[in-house]
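Q: This is a predicted model, with the sequence first.
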Amino acid sequence: MQKTARDMILSLGLIGLVAGFVWLFIPHDDSAPDLQRVDYRVDLLTARRAASYPVAAPEGLSEAWKPTSVRFRKDEGDAWHLGYQTPDGQYVAVEQSTQKRSLFIEDATQGAERTEVTQQIDGRAWTRYEGGRYDALVHEGADGSTTVVTGTASFGQLAKMAAALRAE
């Protein structure tokens, strides 16, 4: 019985040494992955032709703002999405749709709560939403569309994105 327990302890020790050796010599990188820049011009033209509202995209942002994702879904309330990585590595997304506002805002902001704070950006009123994961600025268009600028970035960066939006 003692011999079996001793053999088991020696085996576990050997396995631990091998695992430590493998961990030590296998490269591992804990930094955030480098996201690839996407070219969204074709998607933007398609969305602007197909959507029932003026689709917005930023103009004049520095090259440090990196577009990372884009999609347009006609069958989901003309839903437009454009994701960016900010110069300091945060996430900002432009979301637009003609879906029912309350449901769309809930989804786009990942459950952020409406505040009483509004701010004027380029002559348009934007309402602040604060949440555990995302904060957001929301503009309710007169044409039935809703524009949400949301993400992990600060309200300053969200406002910078909102100010850069141009719709056609």
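A: Okay, I see it. Just so we're clear, the structure is a prediction, and the values are computed from it rather than from any experiment.

Q: Where is the longest helix in the chain?
A: Looking across the chain with DSSP state H, the single longest helix is helix 2-25.

Q: So which other helices or strands are in contact with that helix?
A: Here helix 2-25 touches no other helix or strand, going by 3 or more C-beta pairs under 8 Å, 6 or more residues apart in numbering; DSSP states H and E. All C-beta spots, glycine's among them, are computed from the backbone N, C-alpha and C.

Q: which element follows that helix toward the C-terminus?
A: Using DSSP states H and E, the helix or strand that directly follows helix 2-25 along the chain is helix 41-50.

Q: Return the list of helices and strands in contact with that following helix.
A: Contact here means 3+ C-beta pairs under 8 Å, 6+ apart; on that basis helix 41-50 packs against strand 66-73.

Q: How far does the very next helix or strand once past the strand it packs on sit from its chain's centre?
A: Scanning forward in sequence from strand 66-73 by DSSP H and E, the next helix or strand is strand 79-85. Centre-to-centre, strand 79-85 and its host chain are 7 Å apart (C-alpha atoms, centre = their mean, to the nearest Å).

Q: now strand 79-85: mean pLDDT?
A: For strand 79-85, mean pLDDT is 97.

Q: Name every strand pairing with that strand and say which way it goes.
A: Applying DSSP bridges, strand 79-85 is found paired with strand 66-73 (antiparallel), strand 91-97 (antiparallel).

Q: and the first one, what's its mean pLDDT?
A: Averaged across strand 66-73, the pLDDT comes to 96.

Q: just how off-centre is it within its chain?
A: 10 Å.

Q: Identify the residues contacting it?
A: 35-40, 43-44, 46-47, 50-51, 55, 78-85, 93 (C-beta atoms under 8 Å, 6 or more residues apart in numbering).

Q: Buried members of those into PyMOL, please.
A: Typed into PyMOL, the line below selects the buried ones among those, using 16 or more other C-beta atoms under 10 Å:
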select buried, resi 40+43+44+47+51+55+78+79+80+81+82+83+84+85+93
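
Q: Of the strands paired with strand 79-85, which is nearest W126?
A: Comparison of those against W126 by C-beta to C-beta identifies strand 91-97 as nearest, at 12.4 Å.

Q: Please save the CA atoms from the closest one in CSV.
A: What follows is strand 91-97, C-alpha atoms only, in CSV (Å, rounded to 0.1, in the frame of the first residue of the first chain):
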residue,chain,number,x,y,z
TYR,A,91,-14.1,50.0,-28.5
VAL,A,92,-16.6,52.3,-30.2
ALA,A,93,-19.5,51.2,-32.4
VAL,A,94,-22.0,53.1,-34.5
GLU,A,95,-25.3,51.3,-34.6
GLN,A,96,-28.4,52.5,-36.6
SER,A,97,-31.7,50.9,-37.2
